[in-house]
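Chemist: okay, here's the prediction I keep looking at, along with the sequence it came from:
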Amino acid sequence: MIVKPRIRGFICTTAHPAGCAASVREQISRVEPFPDGPRRALVVGGSGGYGLASRIVAAFGAGAGTLGVSFEKAPRRNKTATAGWYNNAAFEDAAAARGLYARTLDGDAYSDEMKARAVDEIRASLEQIDLFVYSLASPVRQHPRTGVLHRSAIKPLGEAFHVKSLNQDTGVVDEVSLEPATDAETAGTVAVMGGEDWEFWMDALSEAGVLAPGFKTVAFTYIGSELTWPIYWEATLGKAKEDLDRAAGAIRQRLSGLGGDARVAVLKAVVTQASSAIPVVPLYLALLFRVMKSAGNHEDCLAHIDRLFRTALYSDAPPPFDEAGRIRMDDRELSEPVQAEVNRRWPVVSTDNVAELADLDGIRDDFLRIFGFGVDGVDYDADVDPAAGRGPSE
Ligand SMILES: NC(=O)c1ccc[n+]([C@@H]2O[C@H](COP(=O)([O-])OP(=O)(O)OC[C@H]3O[C@@H](n4cnc5c(N)ncnc54)[C@H](O)[C@@H]3O)[C@@H](O)[C@H]2O)c1
């Protein structure tokens, strides 16, 4: 079949097998080797966005064997797989070609079963791990102990929020009104995107004795600036991320006997499946990208994670901690000149001038690339079998 993008709101329901594979290979080609990185890593949420970038940097920068966990859909007759499924397959092929261990477990990372499978696989292959990257982004979580299905809600707190918004498909800038979350919606968001599941993973890994001395774990957060606070940091998602900070402190204490460490890293805003679903964010991203690209300090997922590993997680220099003990990698996004320029453009941006003031093409290209479209060297008119080639190991 000829695979074309089919966009529904903030999701693309098709993915291009050759395009996803080419995008993974392109990211791998940009990683320079570095000597003192992780040797054996578990990456939960490793099939896309920041998790995939972490897996690529660990494997192809530091030569680590990697176990990935993700929730992706295999291809069915006349229906493509999800992008992450093709990414996992391409990652495993490239790792095998380099002689690196790589295996992927596909299924629900929130379940106790998946944690047990990961422990079994680590025991059978890597024996122990020295890095655990927790990079899940999900709208739902079935709680493994209570069976309750929690849903996250992306909503402001307290009062309705009226704000500019960009439809990145049509390029129309208009106003949206976002109703405040109920207490139950806020609690649901904390249950899905907060720190409890990270702690459950750590319980399973430490009880199984698979943590190597000097083990590190990192989970990702976003803080952003005053433009996004009402829908992120001071909203339901921010409450979940505060809970992630709580969990980091609790895990850190438990790891001290092992000489280990647990940190939350504050990352910059990028285009991923998860961030595209957040109102306000596409317009903010489009303005931010235009400003950061002109300032020459723009980074995509891979470049940003590469800097995290090299300058903070595996560096002799002290990491850039903030007062809460988080690793701050969002310094460039939040720098005064960048934020001042984004803030200057925000009130004046409209449908008429968005292509000029903001990087509409850049965010559209990044969005399509997530699904394997618009990648250099791929023939998009060629007939492809959506199920061709080997799938990832699970
Ligand atoms: N995108 C941004 O701008 C941004 C900025 C800062 C921090 N972050 C954080 O980075 C983390 C990763 O986000 P992303 O934007 O890379 O997301 P993403 O949508 O690109 O990737 C999410 C990953 O989670 C996996 N996943 C989802 N539900 C799962 C489940 N039940 N079981 C197993 N795997 C599951 C997916 O398969 C995928 O691998 C999140 O904590 C997010 O808040 C993102």
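Modeler: Now that the structure is in, tell me what you want to look at. Residues are numbered from 1 along each chain as shown.

Chemist: mind listing what I129 touches?
Modeler: By Cβ atoms under 8 Å, 6 or more residues apart in numbering, the contact list for I129 reads 40-42, 67, 122, 205, 210-212, 215. C-betas here are computed from N, CA, C, even on glycine.

Chemist: and it, its phi and psi?
Modeler: The phi and psi values for I129, taken as degrees, to the nearest 10, are phi -120, psi 150.

Chemist: so it bridges to which residues?
Modeler: Under the criterion DSSP bridges, I129 forms beta bridges with L211.

Chemist: about what we covered before: possible to save the contacts of I129 as a markdown table with neighbour count, distance to the ligand and pLDDT?
Modeler: Conversion of those to a markdown table gives the following (neighbours: other Cβ atoms under 10 Å; distance: Cβ to the nearest ligand atom, whole Å; pLDDT from 0 to 100):
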| residue | neighbour count | distance to the ligand | pLDDT |
| --- | --- | --- | --- |
| R40 | 21 | 19 | 98 |
| A41 | 25 | 15 | 98 |
| L42 | 28 | 12 | 99 |
| L67 | 25 | 13 | 98 |
| I122 | 21 | 16 | 98 |
| L205 | 21 | 16 | 98 |
| V210 | 21 | 19 | 98 |
| L211 | 21 | 21 | 98 |
| A212 | 18 | 23 | 97 |
| F215 | 23 | 20 | 97 |
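
Chemist: just these: which are in helices?
Modeler: Filtering those for membership in helices, criterion DSSP state H, returns L205.

Chemist: and which of the contacts of I129 is nearest to F289?
Modeler: Closest approach between the contacts of I129 and F289, by Cβ to Cβ: A41, at 29.3 Å.

Chemist: OK, contacts around that closest one?
Modeler: Per Cβ under 8 Å, 6+ apart, neighbours of A41: 54-55, 58-59, 64-67, 129-133.

Chemist: so in the chain, which helix runs the longest?
Modeler: helix 236-255.

Chemist: who's in contact with that one?
Modeler: The contact list for helix 236-255 (Cβ under 8 Å, 6+ apart) reads 152-157, 181, 185-186, 189-190, 192-196, 198-199, 202, 206, 211, 215, 217, 219, 221-223, 229, 231-233, 261-264, 278, 324-326.

Chemist: quick check: next helix or strand after that helix?
Modeler: Tracing the chain past helix 236-255, the next element assigned as helix or strand by DSSP states H and E is strand 261-266.

Chemist: so that next one versus helix 236-255, what angle?
Modeler: Using axes from the mean of the first three to the mean of the last three Cα atoms, to 10 degrees, the inter-axis angle of strand 261-266 relative to helix 236-255 is 160 degrees.

Chemist: contacts for the very next helix or strand once past strand 261-266?
Modeler: Elements were assigned by DSSP H and E; along the chain past strand 261-266, the next helix or strand is helix 273-276. Contacting residues not belonging to helix 273-276 are listed as 10-11, 48-49, 83, 137, 168, 269, 281-282, 285, 367, 370 [Cβ under 8 Å, 6+ apart].

Chemist: write out the residues of this structure neighbouring the ligand.
Modeler: If contacts are counted using Cβ under 6 Å from any ligand atom, the residues of the chain sitting beside the ligand are 45-51, 69-72, 84, 108-110, 135-138, 220-222, 267, 269-270, 272-275.

Chemist: in the stretch 151-300 of the chain, where is pLDDT below threshold?
Modeler: Along the stretch 151-300 of the chain, the model assigns pLDDT under 70 to no residue.

Chemist: report the central residue of the chain.
Modeler: The structure's the chain has its C-alpha centroid closest to Y50; by Cα atoms, centre = their mean the separation is 3.4 Å.

Chemist: which stretches of the chain form strands?
Modeler: 7-8, 11-12, 40-44, 65-70, 102-106, 129-134, 140-142, 149-151, 161-167, 172-178, 211-221, 261-266, 327-328 (DSSP state E).

Chemist: now this structure against the ligand: closest residue?
Modeler: Among the residues of the chain, G49 lies nearest to the ligand; the distance is 2.2 Å by Cβ to the nearest ligand atom.

Chemist: counting neighbours, what do you get for the closest residue to that residue other than its chain neighbours?
Modeler: Leaving aside its sequence neighbours, G49 sits nearest to T272 (Cβ to Cβ, 6 or more residues apart in numbering; 3.6 Å). Other residues near T272 come to 19 when the count uses other Cβ atoms under 10 Å.

Chemist: thinking again about what came up before, now do the longest helix of the chain against strand 211-221, angle only.
Modeler: Calculated by the same axes, to 10 degrees, helix 236-255 forms an angle of 160 degrees with strand 211-221.

Chemist: could you check the angle helix 236-255 makes with strand 129-134?
Modeler: Here helix 236-255 runs at 160 degrees with respect to strand 129-134, directions being taken by the same axes, to 10 degrees.

Chemist: buried set for helix 236-255?
Modeler: Buried residues in helix 236-255, counted by 16 or more other Cβ atoms under 10 Å: 236-245, 247-248, 251, 255.

Chemist: wait, V31 sits on F60?
Modeler: Yes - with contact taken as Cβ atoms under 8 Å, V31 and F60 are classed as touching, separated by 4.5 Å.

Chemist: restricted to helices, list the contacts of helix 236-255.
Modeler: With DSSP H as the criterion, helices contain 185-186, 189-190, 192-193, 196, 198-199, 202, 206 from among those.

Chemist: write a ChimeraX command that selects only the buried members of those.
Modeler: Applying 16+ other Cβ under 10 Å to these, the buried members can be selected in ChimeraX as follows:
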select :185,186,189,190,192,193,196,198,199,202,206
